[in-house]
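[1] I'll drop the sequence and a predicted model, then ask my questions.
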Amino acid sequence: MNGHSVGGGQEGDEAMSRGGRPREQPIRQRTCLGCRSVRAQSEMTRLTVDARGLVADARGRLCGRGAYVCVSETCVRRACRHLSKALRLASPPPAPDELWDLVTGRTEALGSVRHADEPEAGGDGGLPGAGG
């Protein structure tokens, strides 16, 4: 025997390359919706739509389609023009000032923004017989 346990390698083998050196984790890169520059994901803010409306996903863990933007007022203003297409929104994009407040954390969510495939607020949900 060579000292290895039966049925597997040593603990932590997943992080080692074949040469025995630790593998480097790749830096995830994303493109800014405003300036189109490619940067590390950690340097940008992810925007997505959830039940509350348009939100800034600081952790990058929310489900759904997302768009990234630099934390720069110029980029945020430019991103407003492309936000509807990038996130497939049914409603018009928010005003640049509203989006800047969202990215900087002054606003938690913009509830007036919704996806194209979501029903209208206050609707009957498409159920037959529901409503008046």
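    That came in fine, so what should we check first?

[2] Spatially nearest residue to residue 32 (excluding sequence neighbours)?
    If you skip the residues right next to it in sequence, residue 32 has residue 70 as its closest partner in space, 4.6 Å away by CB to CB, 6 or more residues apart in numbering. (C-beta placed from N, C-alpha, C; glycine too.)

[3] What of residue 40?
    residue 27 is the one closest to residue 40 (CB to CB, 6+ apart), at 5.3 Å.

[4] Tell me the confidence at the one you found?
    Residue 27 is assigned 89 on the pLDDT scale.

[5] From residue 85, how far off is it?
    If you measure residue 27 against residue 85 using CB to CB, to the nearest Å, the figure is 27 Å.

[6] Next: residue 50.
    According to CB to CB, residue 50 stands 19 Å off from residue 85.

[7] which one of the two has more residues nearby?
    Neighbour count, other CB atoms under 10 Å: between residue 50 and residue 85, residue 50 has more, with 14 against 11.

[8] what's near enough to touch the nearest residue to that one once chain neighbours are set aside?
    Spatial nearest neighbour of residue 50, chain neighbours left out: residue 62 (5.8 Å); criterion: CB to CB, 6+ apart. By CB atoms under 8 Å, 6 or more residues apart in numbering, the residues touching residue 62 are 46, 48, 50, 55.

[9] In a strand, the last one, correct?
    This means residue 55. Yes - counting by DSSP: H, G, I helix; E, B strand; the rest coil, residue 55 is part of a strand.
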